[in-house]
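**Q** Need coordinates for the below:
(2 chains)
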There are 2 protein chains.
Amino acid sequence: MTLDAEVDALRRVPLFRGIDATKLRLLAFISDRTHFAPGEELCRQGEDGDSAFIILEGEADIRVHTPDGEKTVARLGQHSIVGEIAILCDVPRTATVVAATEMDVLTVSKDDFLRLLKEFPDMSLEVMRTLAQRLERTTQDLAAQKASGAAA
Amino acid sequence: MTLDAEVDALRRVPLFRGIDATKLRLLAFISDRTHFAPGEELCRQGEDGDSAFIILEGEADIRVHTPDGEKTVARLGQHSIVGEIAILCDVPRTATVVAATEMDVLTVSKDDFLRLLKEFPDMSLEVMRTLAQRLERTTQDLAAQKASGAAA
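**A** The predicted structure follows:
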């Protein structure tokens, strides 16, 4: 994929909506683009995390350890960001991310990611929105599980 | 409580760590401070939300609707922020927040809150960290519920 095509792809990611073309070109240039086949892991729970992933194509499952083995708790699609929690909170990876389909993924290093957030308030707001939406969905799922658990 | 004492209280809220005293004084001046007795509601799920709440004193339960009635899914303590999801995502309140103890709460309007976030990247990062930590905890709780549900 040419740099121009990559900038075009980045432009369609909601997270980067407020960032101008020159900066997107720089981001495309400094970031790694990786292909994952179904079943391959982007990262593993418990490992150190020094990058965030932006899904350019495909879908990924979010899996976490439980006393009962690993459970899938969510699926993320095209243009989602994942892996940002370890970067923001300075903690090991909080989940394992597994390619559910063929995937194209942009890997942004921790330093670049934090610098982008500081420089672009609109990008920060978009990350907050993404986290808030994900929290809201997970909270609803938890409530539903508690209700069905209580009914069982 | 005097304005000075209120600024002192705000200074102890991690969210406001990077904000200088002059701005904190302004924030204290433009924000409403409210007392809640145990059982009183700060906001109700489904209502329009036009403010965020910062817990200066006390604790609150986060409750959400389920097919089985309302369930408590989390408890938030002193210096936490709550109610920011409706503001960030432009959606109705995603949960009901109920005082679990006597509470002192600072109410920040949507406009003031978004302005603060744009102006102070450190505050944005802190909001992201808070959301990420809360998402991480909720995801773990969901996985544990799924495991215990499967075991039942």
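
**Q** Any stretches of chain A with poor pLDDT?
**A** A:1, A:150-152 (pLDDT under 70).

**Q** in it, which spans are helices?
**A** Assigned by DSSP state H, the helices in chain A fall at A:3-11, A:21-30, A:84-89, A:110-119, A:121-151.

**Q** What I need now is these written out in a markdown table, including distance to B:Asp104 and mean neighbour count for each item.
**A** Glycine gets a C-beta too; all of them are placed from N, C-alpha and C. What follows is those, written out as a markdown table (distance: least, Cβ to Cβ, whole Å; neighbours: other Cβ atoms under 10 Å in any protein chain shown):
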| stretch | distance to B:Asp104 | mean neighbour count |
| --- | --- | --- |
| helix A:3-11 | 45 | 15 |
| helix A:21-30 | 43 | 15 |
| helix A:84-89 | 27 | 22 |
| helix A:110-119 | 31 | 16 |
| helix A:121-151 | 25 | 19 |
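
**Q** For B:Ala9, which of these is the nearest?
**A** Across the helices of chain A, the minimum distance to B:Ala9, taken as Cβ to Cβ, is reached by helix A:121-151, at 24.1 Å.

**Q** Would you convert the helices of chain A into JSON lines that also reports distance to B:Ala5?
**A** Output for those, formatted as JSON lines (distance: least, Cβ to Cβ, whole Å):
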{"stretch": "helix A:3-11", "distance to B:Ala5": "48"}
{"stretch": "helix A:21-30", "distance to B:Ala5": "44"}
{"stretch": "helix A:84-89", "distance to B:Ala5": "31"}
{"stretch": "helix A:110-119", "distance to B:Ala5": "32"}
{"stretch": "helix A:121-151", "distance to B:Ala5": "30"}
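
**Q** and those as CSV, adding distance to chain B?
**A** Written out in CSV, the entries for the helices of chain A read as follows (distance: least, Cβ to the nearest Cβ, whole Å):
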stretch, distance to chain B
helix A:3-11, 20
helix A:21-30, 16
helix A:84-89, 4
helix A:110-119, 4
helix A:121-151, 4
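
**Q** Nearest to B:Leu10, out of those?
**A** Distances from B:Leu10 to each of these were compared using Cβ to Cβ; the shortest belongs to helix A:121-151, at 20.4 Å.

**Q** what's the distance between the spatially most central residue of chain A and A:Pro14?
**A** For chain A, the residue lying nearest the average C-alpha position, counting by Cα atoms, centre = their mean, turns out to be A:Val82 (1.3 Å). When distance is defined by Cβ to Cβ, to the nearest Å, A:Val82 is 14 Å away from A:Pro14.

**Q** ditto for A:Glu70
**A** As for A:Glu70, its distance to A:Pro14 is 29 Å (criterion: Cβ to Cβ).

**Q** Check A:Glu126 too.
**A** Relative to A:Pro14, A:Glu126 is positioned 6 Å away (criterion: Cβ to Cβ).

**Q** A:Ala60 now?
**A** Counting by Cβ to Cβ, the separation of A:Ala60 from A:Pro14 is 17 Å.

**Q** the more surrounded of the two?
**A** A:Ala60 (26 against 13; other Cβ atoms under 10 Å in any protein chain shown).

**Q** Would you mind confirming that that one makes contact with A:Thr72?
**A** No - A:Ala60 sits out of contact with A:Thr72 when judged by Cβ atoms under 8 Å, with a separation of 10.3 Å.

**Q** ok, back up a step: give the contact list for the residue nearest to the centre of chain A.
**A** Shown in contact with A:Val82 (Cβ atoms under 8 Å, 6 or more residues apart in numbering or on different chains): A:Leu42, A:Ala52, A:Phe53, A:Ile55, A:Ala60, A:Ile62, A:Leu76, A:Val97.

**Q** same thing but 7 Å
**A** By Cβ atoms under 7 Å, 6 or more residues apart in numbering or on different chains, A:Val82 lies in contact with A:Phe53, A:Ile55, A:Ala60, A:Leu76, A:Val97.

**Q** Compute the number of surrounding residues for A:Pro67.
**A** In terms of burial, A:Pro67 registers 9 neighbours under the definition other Cβ under 10 Å.

**Q** Name the nearest residue to it, sequence neighbours excluded.
**A** On the basis of Cβ to Cβ, 6 or more residues apart in numbering or on different chains, the spatially nearest residue to A:Pro67 that is not a chain neighbour turns out to be B:Ala147, at 5.4 Å.

**Q** can you check A:Asp50 too?
**A** Closest residue to A:Asp50 in three dimensions, ignoring its sequence neighbours and counting by Cβ to Cβ, 6+ apart: A:Lys110, at 4.9 Å.

**Q** cool, and A:Ala9?
**A** Of all residues not flanking A:Ala9 in the chain, A:Leu56 sits nearest, at 5.2 Å (Cβ to Cβ, 6+ apart).

**Q** you'd agree the one you found is up against A:Glu102?
**A** No - contact between A:Leu56 and A:Glu102 fails when scored by Cβ atoms under 7 Å: they sit 11.3 Å apart.
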